[in-house]
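**Q** Sequence and computational prediction follow.
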Amino acid sequence: MAAQTDRGVPLSTLSPKFLHTNSTSHTWPFSAIAELIDNAYDPDVSAKQFWIDKTVVKGEVCLSFMDNGNGLDHETMHKMLSFGYSDKIAVNGLEPIGIYGNGFKSGSMRLGKDAIVFSKSKSISCIGMLSQTYLEKIGAKQIIIPIISFENKKSNRNIL
């Protein structure tokens with residue numbers, strides 16, 4: 001049964017299959033990687049450095065993308081992991097690259113079936129997951145985006 005508004009009108013949902021379908025807009029992996037790099041260099045992120053690394057975890061190849069930007073709070077991470085949301089704005093006359101709210105999802109899902117996002121801003125740390133594997137395992141009928149967040153206090157500032 002579809003979720004409904006307070007007026008009884010069904011809300012639109014996205015099938016988990018859309019994660020793969022959407023990723024096919026990238027015909028080769030380098031355009032997907034470019035999407036993830038572009039996000040770090042948008043003016044509201046203020047990243048000065050960006051790192052890409054490859055590692056193997058439990059026999060699976062994993063790519064990690066890391067920057068030293070401003071970080072995301074819970075609401076911003078939820079929008080980033082959702083489709084069609086973008087709060088990106090120009091800063092000091094520099095226009096953001098992405099404005100449609102799709103690049104992270106299409107890029108990350110082109111490179112793999114799962115993305116875990118760790119973010120730390122001045123006051124909040126968040127972990128979000130966009131995972132085709134998880135959605136398949138639970139038999140999800142729509143995309144679910146688990147996100148946890150917690151306040152950064154002096155006692156846990158080295159958690160991430």
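**A** Arrived safely, thanks for sending.
**Q** mind listing the strands for this structure?
**A** Using DSSP state E, the strands of the chain run over 50-57, 60-67, 114-120, 124-131, 147-151.
**Q** Pick the most buried one from these.
**A** strand 124-131 (a mean of 20; mean count of other C-beta atoms under 10 Å). Where C-beta positions appear, they are placed from N, C-alpha and C, glycine not excepted.
**Q** Outside of that one itself, which residues are in contact with it?
**A** Applying C-beta atoms under 8 Å, 6 or more residues apart in numbering, the external contacts of strand 124-131 come out as 19, 71-74, 77-78, 80-81, 105, 108-109, 113-120, 145-152, 159-160.
**Q** mind running it again at 6 Å?
**A** Residues outside strand 124-131 that contact it (C-beta atoms under 6 Å, 6 or more residues apart in numbering): 72-74, 77, 81, 114-119, 146-150, 152, 160.
**Q** same deal with stretch 11-27?
**A** Taking C-beta under 6 Å, 6+ apart as the rule, stretch 11-27 contacts A3, A32, S106, M109, R110, Q132, L135, A140, Q142, I143.
**Q** Please pick the buried ones from the residues you listed.
**A** Burial of the contacts of stretch 11-27 was assessed by neighbour count (16 or more other C-beta atoms under 10 Å); the buried members are A32, S106, M109, R110, Q132, L135, I143.
**Q** mind putting the residues you listed in a markdown table, pLDDT and distance to V56 included?
**A** Listed next are these as a markdown table, based on pLDDT from 0 to 100; distance: C-beta to C-beta, whole Å:
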| residue | pLDDT | distance to V56 |
| --- | --- | --- |
| A32 | 94 | 20 |
| S106 | 95 | 25 |
| M109 | 96 | 20 |
| R110 | 96 | 20 |
| Q132 | 97 | 20 |
| L135 | 97 | 24 |
| I143 | 95 | 28 |
